[in-house]
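*Asks:* below: sequence and its predicted model.
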Amino acid sequence: MSSSSVRGRRSAALALAALAVFAQSAGLSPVPPAIAGPSTDGSLEISGKYSIYFNGFDIGTVRIDQRTAGRTYSASSEVQISALLGAFRWKGTTRSAGTLALGALEPSGYDFQYEGSSKSGSVRMGFTKGTVTSLTAIPETIEPDDFVPLKEAHVKSVVDPLSAIVAVSRPAADPCGRKLAIFDGKQRFDLSLIPARREAISAGRDGAAVEGLVCRIKYTPIAGYRANADTRALSESAGIEVTFRPIPEAGLWAPYRVSIPTMAGTVTLETTRYDVSAPGLAEIALVD
């Protein structure tokens, strides 16, 4: 496997993790204010489909489905990557569930399964009040000399990437200026949003051109990572960005695009379809 494909896969994984920031950017709310009235049980369903590009080439797809009902939530995702004319393939599926209380999200379980051209494995975690209480990772890995070890404090007050996506953002003038503590079962890192600019989003097939908000993403590795050139490049990058698209009818900001420059090229995660439905709200479908 070439080093460029490995870097592309790592950066694509970071792009997916960056989706976790979308929901946190404007503050946590189990029910967006714009739809809280019509819905009697706080239920909400969101489905997002994305394409992954590496140096302009389409290398994969992402689908994320989430549902909140009352004070509970569940979510699932599927990522498929194919590069080098199909010589390199990777597929990952994730499931997560938990509760929403007083605007705070508390995951209870996380399950990640992956299968690639060279290996397969899984990560399972259990949570109690924001702390990881059980963890199983297969296969076990040998820690290299440049590995930064995890400590007990690193798995407290954290969320898994998929659970964070469920936290629906509420209306705000600017969704930037937030930080999220993430643990994916192997690595503990922070993703911070920094205001960047406003940017026009061209009309898709739905015919509606809107003004999006662009935030720069600061990736800060905390523990469970290799202190090598790839990690340093990502942590020092000033070019990682996320673009939000407003959906005023639903009272939220929708993830639209993530862009990550790497030493091997640029990875982009871009929306192809975004659906929102809730009791008392006409179904919303954004198609590009």
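*Replies:* Cool, got the structure. Numbering: from 1, shown residues only.
*Asks:* excluding chain neighbours, what is closest to Gly212?
*Replies:* Nearest non-adjacent residue to Gly212, counting by C-beta to C-beta, 6 or more residues apart in numbering: Ile201, 4.4 Å away. For glycine as for every other residue, the C-beta is placed from the backbone atoms N, C-alpha and C.
*Asks:* distance check, the one you found against Gly126.
*Replies:* From Ile201 over to Gly126 the distance is 39 Å, taken as C-beta to C-beta, to the nearest Å.
*Asks:* what of Glu115?
*Replies:* Using C-beta to C-beta, Glu115 is found at 23 Å from Gly126.
*Asks:* equivalent analysis for Pro255, please.
*Replies:* Look at Pro255 and Gly126: by C-beta to C-beta, they are 27 Å apart.
*Asks:* of the two, who's got more company?
*Replies:* Ranked by neighbour count (other C-beta atoms under 10 Å), Pro255 and Gly126 place Pro255 first, with 26 against 14.
*Asks:* quick check, the more buried one in contact with Thr272.
*Replies:* No: the criterion here is C-beta atoms under 8 Å, and Pro255 misses it with Thr272 at 11.8 Å.
*Asks:* can I assume Ile165 sits in a helix?
*Replies:* Yes: applying DSSP: H, G, I helix; E, B strand; the rest coil, one finds Ile165 inside a helix.
*Asks:* run a quick neighbour tally on it.
*Replies:* Counted with other C-beta under 10 Å, the neighbours of Ile165 add up to 27.
*Asks:* hang on, it packs against Gln66?
*Replies:* Yes: Ile165 lies in contact with Gln66 (C-beta under 8 Å); the separation is 6.4 Å.
*Asks:* can you pull the residues that touch both of those two?
*Replies:* Counting by C-beta atoms under 8 Å, 6 or more residues apart in numbering, the residues touching both Ile165 and Gln66 are Ala75.
*Asks:* report pLDDT for Glu140.
*Replies:* The per-residue pLDDT reported for Glu140 equals 88.
*Asks:* helix, strand, or coil at it?
*Replies:* coil.
*Asks:* now for Pro255 and Thr272: what residues contact both?
*Replies:* Shared contacts of Pro255 and Thr272 (C-beta under 8 Å, 6+ apart): Tyr50.
*Asks:* for the nearest residue to Lys156 once chain neighbours are set aside, list the residues it contacts.
*Replies:* Residue nearest to Lys156 in three dimensions, not counting chain neighbours: Thr131, with 4.8 Å by C-beta to C-beta, 6+ apart. Neighbour list for Thr131: Val155, Lys156, Ser157, Val158 [criterion: C-beta under 8 Å, 6+ apart].
*Asks:* returning to that earlier point: quick one: residues contacting the residue nearest to Gly212.
*Replies:* Ala209, Val210, Glu211, Gly212, Thr243, Arg245, Tyr256.
*Asks:* ok, now Pro144?
*Replies:* Arg226 are the contacts of Pro144 under C-beta under 8 Å, 6+ apart.
*Asks:* end-to-end on stretch 145-165?
*Replies:* Separation of the first and last residues of stretch 145-165 by C-alpha to C-alpha, to the nearest Å is 33 Å.
*Asks:* again with stretch 178-198
*Replies:* Start-to-end, stretch 178-198 (C-alpha to C-alpha) is 17 Å.
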